[in-house]
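S.K.: I'll drop the sequence and a predicted model, then ask my questions.
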Amino acid sequence: MTDPTPHVRASLPGKAHRLRPTGWDRWAPVYAVTERLALGRELQRAREAAADVAAAWVGSSPGPAPSRWLVLGDGDGRGLEALVRALPQATFVSVDGSRAMLARARRRLKAGPPTSTHLSPRPPITWIHADLVRNWPDLPRDAPFDGIVTSFFLDCLTPDELMHVWSEGAARLQPGGAWIVTDFLSPSEVRRAGASSGMPGTPGTPGTTGTTGTAGRWRSLRQALLLRLLYAAFRASTSMDARELPDLAAPFADAGWALESRGHSPSLLTEWRLWRRPDRSGGAGMEAPTPRVRPYSAAPDADSEASTPGHRTRDDSG
Ligand SMILES: C[S@@+](CC[C@H](N)C(=O)[O-])C[C@H]1O[C@@H](n2cnc3c(N)ncnc32)[C@H](O)[C@@H]1O
């Protein structure tokens with residue numbers, strides 16, 4: 001399928017790379033409304049939960065408040081908007097490969113032009129247009145960020161791309177820093193999460209919870225179907241190579257990061273995880289405590305964009 005998006009230059013000083021047209025540009029004007037029609041406020045609640053988790057983590061961090069955040073593949077800015085609300089003292093760098101998405105996000109956040117590549121505290125959002133798979137932006141590799149947030153972005157990557165994006169991101173995160181991943185649960189995780197969240201199994205079937213029960217199987221099947229549809233739609237309309245949800249935990253777990261807390265939506269469609277980069281001593285971050293798990297956001301679909309934090313459940317308190 002030909003992409004009508006004109007080729008654009010990456011906003012990297014001294015580099016002549018051209019960004020591959022992503023196809024995400026044409027999604028930009030319809031992305032939010034399509035999502036809303038297909039999935040209601042499910043994904044937005046997940047983004048807001050991630051922002052609450054970030055704020056809770058900042059609030060519980062000893063010493064100076066972690067305030068420098070890198071947001072990757074944020075699209076039209078709804079995730080970033082929630083983060084800015086939750087972390088009013090923080091500065092953000094938002095990187096996306098779609099100019100149209102960045103323009104929408106910038107309008108939403110009413111900030112500066114989507115071309116700046118320097119880290120600047122004023123305005124607190126720096127926008128960078130770059131392909132994170134083929135051409136990482138010139139962000140210093142000396143760990144300038146306290147936190148990274150990726151919402152429904154890592155699922156766009158093949159396992160190899162995920163490893164690349166992860167290692168580039170990890171190199172820019174402070175030891176002890178947090179990487180909050182919000183995404184879809186895999187169908188197998190849906191089954192497991194169903195078991196641990198007390199989702200009912202098949203009545204009368206001894207020993208079943210959500211894992212082997214009809215409800216668990218149904219939700220897992222629904223998740224598999226939804227993911228198939230999403231991948232088919234995005235592969236047909238963008239340059240995305242990924243065919244299925246990669247194992248989003250693998251790079252973190254393989255590198256010994258601690259899964260500090262996690263939560264999932266009551267529907268088991270989405271989840272967030274807060275991973276901690278090991279600190280320099282290999283101490284706290286390496287201990288990998290048992291993650292705290294709690295379902296989030298039981299707010300009804302009818303609530304509006306202007307939903308208050310009171311509609312959301314803080315996920316990491318349990
Ligand atoms: C599925 S959308 C998710 C957007 C947003 N994070 C959300 O919560 O809905 C994927 C986003 O990642 C961006 N993206 C995909 N591949 C990318 C790449 N290789 N480099 C930079 N951004 C990319 C797209 O432009 C798009 O904005």
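M.R.: Alright, I've got the coordinates.
S.K.: mind showing which ranges of the chain have poor pLDDT?
M.R.: Counting by pLDDT under 70, the chain contains low-confidence residues at 1-22, 111-123, 143, 194-213, 281-318.
S.K.: If we use 50, what do you get?
M.R.: Low-confidence segments of the chain, defined by pLDDT under 50, span residues 1-18, 21, 112-122, 198-211, 283-289, 297-318.
S.K.: The residue nearest to residue 28 when sequence neighbours are not counted sits in which helix or strand?
M.R.: With sequence-adjacent residues excluded and distances taken as Cβ to Cβ, 6 or more residues apart in numbering, residue 28 is closest to residue 100, at 3.7 Å. No exception for glycine: its C-beta is placed from N, CA and C like everyone else's. Secondary-structure element containing residue 100, defined by DSSP states H and E: helix 99-109.
S.K.: So the residue nearest to residue 28 sits against residue 24, correct?
M.R.: Yes. Under the contact definition of Cβ atoms under 8 Å, residue 100 touches residue 24, with a separation of 7.4 Å.
S.K.: Neighbouring strands - and their directions - for the following helix or strand past the helix holding residue 100?
M.R.: Going down the chain from helix 99-109, the next helix or strand is strand 125-129, by DSSP H and E. Here strand 125-129 is paired, per DSSP bridges, with strand 91-96 (parallel).
S.K.: Just want the angle from the partner strand to helix 99-109.
M.R.: 150 degrees (axes from the mean of the first three to the mean of the last three Cα atoms, to 10 degrees).
S.K.: got a list of contacts for strand 91-96?
M.R.: Residues external to strand 91-96 that are found in contact with it (Cβ atoms under 8 Å, 6 or more residues apart in numbering): 24, 67-75, 77, 80, 83-84, 102, 105, 119-121, 124-130, 132, 137, 139, 145.
S.K.: cool, stretch 159-168 as well?
M.R.: Surrounding stretch 159-168, the residues in contact under the criterion Cβ under 8 Å, 6+ apart are 72, 132-133, 136, 154, 157, 241-242, 246-248, 250-252.
S.K.: Comparing residue 100 and residue 24, which residue is more hemmed in?
M.R.: For residue 100 and residue 24, the more surrounded residue by other Cβ atoms under 10 Å is residue 24, and the numbers stand at 25 against 20.
S.K.: I'd like to know how far the more buried one sits from residue 136.
M.R.: Note on residue 24: its distance to residue 136, by Cβ to Cβ, to the nearest Å, is 17 Å.
S.K.: in stretch 259-273, what counts as buried?
M.R.: Residues of stretch 259-273 classed as buried by neighbour count (16 or more other Cβ atoms under 10 Å): 259-265, 267-273.
S.K.: Among these, which lie within strands?
M.R.: Filtering those for membership in strands, criterion DSSP state E, returns 259, 260, 261, 262, 263, 264, 270, 271, 272, 273.
S.K.: just these now: which is nearest the ligand?
M.R.: Each of those was scored against the ligand by Cβ to the nearest ligand atom, and residue 270 proved nearest at 10.0 Å.
S.K.: Phi first, then psi, for the residue lying closest to residue 32 once chain neighbours are set aside.
M.R.: Once its chain neighbours are removed from consideration, residue 32 has its nearest residue in residue 76; the separation is 5.9 Å (Cβ to Cβ, 6+ apart). Per-residue torsions, residue 76: phi -80, psi 10 (degrees, to the nearest 10).
S.K.: My understanding was that residue 76 contacts residue 30; is that so?
M.R.: No. With contact defined as Cβ under 8 Å, residue 76 and residue 30 do not form a contacting pair (10.1 Å).
S.K.: These two: who's more crowded?
M.R.: Between residue 76 and residue 30, residue 76 has the larger neighbour count (other Cβ under 10 Å), namely 25 against 10.
S.K.: Tell me how far that one lies from residue 60.
M.R.: Spatial separation of residue 76 from residue 60 under the definition Cβ to Cβ is 30 Å.
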